[in-house]
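[1] Test case, fold it:
(2 chains)
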Amino acid sequence: MRRRMRRLSLSSVLLIAGLTGLALFMLIPIVYIFNHAFKPLDEMFLFPPRILVQEPTIVNFEKLFFATSGDVVPFTRYLFNSIIIAVITIFCVITVSSMAGYAIAKLRFGLKGLIMGLIYISLMFAAETVSIPRYLIISGLGINDTYFAHILPFLASPVAVFLMMAFIGQIPNDLIEAAKLDGASEVAIFNRIVMPLAAPAVATIAILTFQGVWGDVEASTLYVQDEALKNIAYYVQTLVSGAQNNVAGQGLMAAASLLMFLPNLIIFLVFQKRVMQTMLHSGVK
Amino acid sequence: MGSLSCRHIFKYYKGEHRPAVKDFNLEVSEGEFLVLVGPSGCGKSTMLRMIAGLEPISEGDLYIGDRYVNFVSPKNRDISMVFQNYALYPNLSVYENIALGLKLRKVAKHEVELKVNRTAKILEISHLLDRLPSQLSGGQKQRVALGRAIVREPQVFLMDEPLSNLDAKLRAQTRAEIMKLHSQLKTTTVYVTHDQTEAMTMGTRIVVMKDGEVQQVAPPQIMYDQPCNLFVASFIGSPQMNLIPGSVNRREGKYYFETKRVLWELPQRYGDSLKAATSNLRQVVLGIRPEHIGADREMPKKYPCGMTAGTIEMIELMGSDTFLFVNIGESTVIVRTEAGSPFAAGDQIEIAFRLDRIHLFDAEQGGSLTSQGVTSL
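    Numbering: from 1, shown residues only, chains lettered A, B, ... in the order given. Predicted coordinates:
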């Protein structure tokens, strides 16, 4: 222990202290939201206000789940929508991006350069800049007010293709050639050799896609008018903006936000190692 | 088992005017162990990949057995290949690595099991079948790679520098095992290496390549004794052949090798080939292997010898024998002597060149003047 202490220079001590302070600061909203979500109504009105909850209760969650009075669509419906959309989107994005990534990284075909160029270019666009074309495409296809309106914009994910391409590019060609000589078709090579080896990249893409689609309000705002098909992110957003100056609603809001946030946290904690691995492999950091 | 026939095969890569493989023309008979050897970039691996079907053939015809296979996909060529870095599937166990080729060919399950177990027994890897490749040592991985190749009982084995990732001891051992395996299975094998020792010890025939062109095709001993040009002479043999530039002169019907320091009369038997090859005076390179230069006084009594004096610059002890690096003025030659020779660096010694064992090469073209027509294509 002592030896390790001695090895730390003053600058690294300062750095660690500084980063720890920053990390604690970043933690404040999370601590705050956790406590708020479990506060009974009377604690909301305490003066001076306290951050930490005194007598935790789950009444806010009960209200959220069972008594969304006045609304036609219950909270659980939004949750259900979000889960369905997230699952389908993740599955589709992984399928599309891994196939595209494999083709670009390992196969020889014409126009490969052009396709790669287009993918690189599309990496540069912010999502907002393409909402109008997206709207036109979705209404042109006539899929407004369906789950597809949520899914389609995420399907062509240049980031996912780029990550898969970079990761699959690392798989030695010898492996693929050995499989060819062993008698494997392209499909067999993809399923049996490439996909198992690309598992870390698949995990990363699953997380990134989940985060994107789970927190997405664009589809619910722009492409979906039917309240029963909107997702939880949209619901929480309207709840938050509707209850901004309402102290009594804060507990409910915090509970909804917590439910929004928890899956992200859990997924990230479980997969963070694999994400870092993929990012390092692909040179994106 | 099958033969292999390469007829005038060329490989051109886009944007390069020099072909990567030029007019490769060779018949490999059934059960032969053919070694392609040459420095890196000489086209040997490209040639192997064309046989495997991993690279398209630009020009020429390829037959495996009697079948024309230019446009047959790799999996239907009935070949198997061992890669330099083993190329084991990291996510599959050793058993599954070996079995995959059979499974993909829809071989019945019990037969797969039988074949994999038999192969594992031959290669002594039965106890490793449940492991993943990451849990194996380099030598074990190489055996699994060999297992994957032999389990399918193909017509031809292709091996692309399979030993170069192993350490020296393991390499020698695995080399012997591959030879043993070949004598058991008698499958036609094409083996690529850049290591001339591997080529000499393993091949029933050796093909030396350089810049995409075949230099010489011959069994190892003939390759060693009668190299067809300067490149082959210097590439085959370790330590390499001594090369001394000079000229050949003809006086009164006799031929002499001459440098600034020496004038040696060449034995009569070179006369005929020299007569055809040279005019009166010709720039040549004399090649002589280290074992044909002697530092003992008995040598000139037994063989026709050319004598010269030199200074020992360095001594290399190999255990079984000793190499003397002797400076003879224009150049330094390596002399192989017995272990325990009483020499020290800096000694002045008289050395004898066995003139019956020399090679003469054209200084400009590099072609052999003494083993002409013997072993070239």
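
[2] quick one: residue A:241 from residue A:253, how far?
    Residue A:241 sits 10 Å away from residue A:253, going by CB to CB, to the nearest Å. The C-beta positions use only the backbone N, C-alpha and C, and glycine is treated the same way.

[3] residue contacts, the closest residue to residue B:311 other than its chain neighbours?
    Nearest non-adjacent residue to residue B:311, counting by CB to CB, 6 or more residues apart in numbering or on different chains: residue B:327, 5.0 Å away. Residue B:327 sits next to B:310-313 when contact means CB atoms under 8 Å, 6 or more residues apart in numbering or on different chains.

[4] Check those for burial and list the buried ones.
    For those, a neighbour count by 16 or more other CB atoms under 10 Å in any protein chain shown gives the buried set as B:310, B:312.

[5] Tabulate the contacts of residue B:327 (a markdown table), appending pLDDT and secondary structure.
    As requested, the contacts of residue B:327 are exported to a markdown table (pLDDT from 0 to 100; DSSP: H, G, I helix; E, B strand; the rest coil):
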| residue | pLDDT | secondary structure |
| --- | --- | --- |
| B:310 | 91 | strand |
| B:311 | 92 | strand |
| B:312 | 93 | strand |
| B:313 | 93 | strand |
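
[6] tell me which of the contacts of residue B:327 is nearest to residue A:217?
    Nearest to residue A:217, judged by CB to CB, of the contacts of residue B:327 is residue B:313 at 81.8 Å.

[7] Can you give me the distance of that closest one to chain A?
    Distance of residue B:313 to chain A, given as CB to the nearest CB, to the nearest Å: 44 Å.

[8] from what I can see that residue touches residue B:328, true?
    No. The criterion here is CB atoms under 8 Å, and residue B:313 misses it with residue B:328 at 10.4 Å.

[9] if we can go back for a sec, phi, psi of the residue nearest to residue B:311?
    Residue B:327 adopts backbone torsions of phi -90, psi 120, taken as degrees, to the nearest 10.

[10] So which bits of stretch B:290-301 are buried?
    Neighbour count says stretch B:290-301 has B:290, B:292-295, B:299-300 buried, by 16+ other CB under 10 Å.

[11] cool, stretch B:222-242 as well?
    Quick answer for stretch B:222-242 (16+ other CB under 10 Å): B:222-224, B:226-237, B:241-242.

[12] Need the residues that contact whichever helix or strand residue A:136 is part of.
    In this assignment (DSSP states H and E), residue A:136 forms part of helix A:131-141. Helix A:131-141 is contacted by residues A:144, A:148-149, A:152-153, A:218, A:222-223 when judged by CB under 8 Å, 6+ apart.

[13] In helices, which of the residues you listed fall?
    Of those, the ones assigned to helices by DSSP state H are A:148-149, A:152-153, A:218.

[14] can I get the residues you listed in a markdown table with pLDDT, neighbour count and distance to residue A:62?
    As requested, those are exported to a markdown table (pLDDT from 0 to 100; neighbours: other CB atoms under 10 Å in any protein chain shown; distance: CB to CB, whole Å):
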| residue | pLDDT | neighbour count | distance to residue A:62 |
| --- | --- | --- | --- |
| A:148 | 92 | 18 | 34 |
| A:149 | 91 | 25 | 32 |
| A:152 | 91 | 19 | 36 |
| A:153 | 89 | 24 | 35 |
| A:218 | 87 | 18 | 31 |
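
[15] In CSV: those residues, plus distance to chain B.
    Listed next are those as CSV, based on distance: CB to the nearest CB, whole Å:
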residue, distance to chain B
A:148, 34
A:149, 37
A:152, 33
A:153, 33
A:218, 38
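
[16] hmm, which two among these are most spread apart?
    A:148 and A:218 (14.3 Å).

[17] Poorly predicted segments of chain B, please.
    By pLDDT under 70, the low-scoring segments of chain B are B:1, B:275-281, B:372-377.

[18] which residues in it form helices?
    Under DSSP H, chain B gives helices at B:44-52, B:94-104, B:109-122, B:138-150, B:168-185, B:196-202, B:220-225, B:230-235, B:271-277, B:299-302.

[19] any chance of these in JSON lines, plus distance to residue A:167?
    Shown next, in JSON lines, are these (distance: least, CB to CB, whole Å):
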{"stretch": "helix B:44-52", "distance to residue A:167": "25"}
{"stretch": "helix B:94-104", "distance to residue A:167": "22"}
{"stretch": "helix B:109-122", "distance to residue A:167": "31"}
{"stretch": "helix B:138-150", "distance to residue A:167": "23"}
{"stretch": "helix B:168-185", "distance to residue A:167": "32"}
{"stretch": "helix B:196-202", "distance to residue A:167": "36"}
{"stretch": "helix B:220-225", "distance to residue A:167": "45"}
{"stretch": "helix B:230-235", "distance to residue A:167": "41"}
{"stretch": "helix B:271-277", "distance to residue A:167": "61"}
{"stretch": "helix B:299-302", "distance to residue A:167": "65"}
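
[20] Of those, which is nearest residue B:317?
    helix B:168-185 (17.6 Å).

[21] Which positions in the closest one come out as buried?
    So, applying 16+ other CB under 10 Å, buried residues of helix B:168-185: B:171, B:174-175, B:177-178, B:181-182.

[22] so how many other residues sit close to residue A:95?
    11 (other CB atoms under 10 Å in any protein chain shown).

[23] Spatially central residue in the chain, please.
    If you meant another chain, say so; for now it's chain A. residue A:211 (0.9 Å; CA atoms, centre = their mean).

[24] not quite, I wanted chain B
    Short answer for chain B (CA atoms, centre = their mean): residue B:199, at 3.3 Å.

[25] so who does that one touch?
    B:35, B:37, B:193, B:206, B:220, B:236.

[26] Nearest to chain A among the residues you listed?
    residue B:193 (16.7 Å; CB to the nearest CB).

[27] Just the terminal-to-terminal distance for stretch B:145-155.
    17 Å (CA to CA, to the nearest Å).

[28] right, is it up against chain A?
    Yes. Part of stretch B:145-155 sits near chain A under the criterion CB under 8 Å from any CB of the partner chain, namely B:148, B:152.

[29] how about that stretch: buried residues?
    B:145-152, B:154-155.

[30] Please apply the same query to stretch B:238-256.
    Neighbour count says stretch B:238-256 has B:241-244, B:246, B:248-250, B:255-256 buried, by 16+ other CB under 10 Å.

[31] quick one: which of those sit in strands?
    B:242-244, B:246, B:248-250, B:255-256 (DSSP state E).
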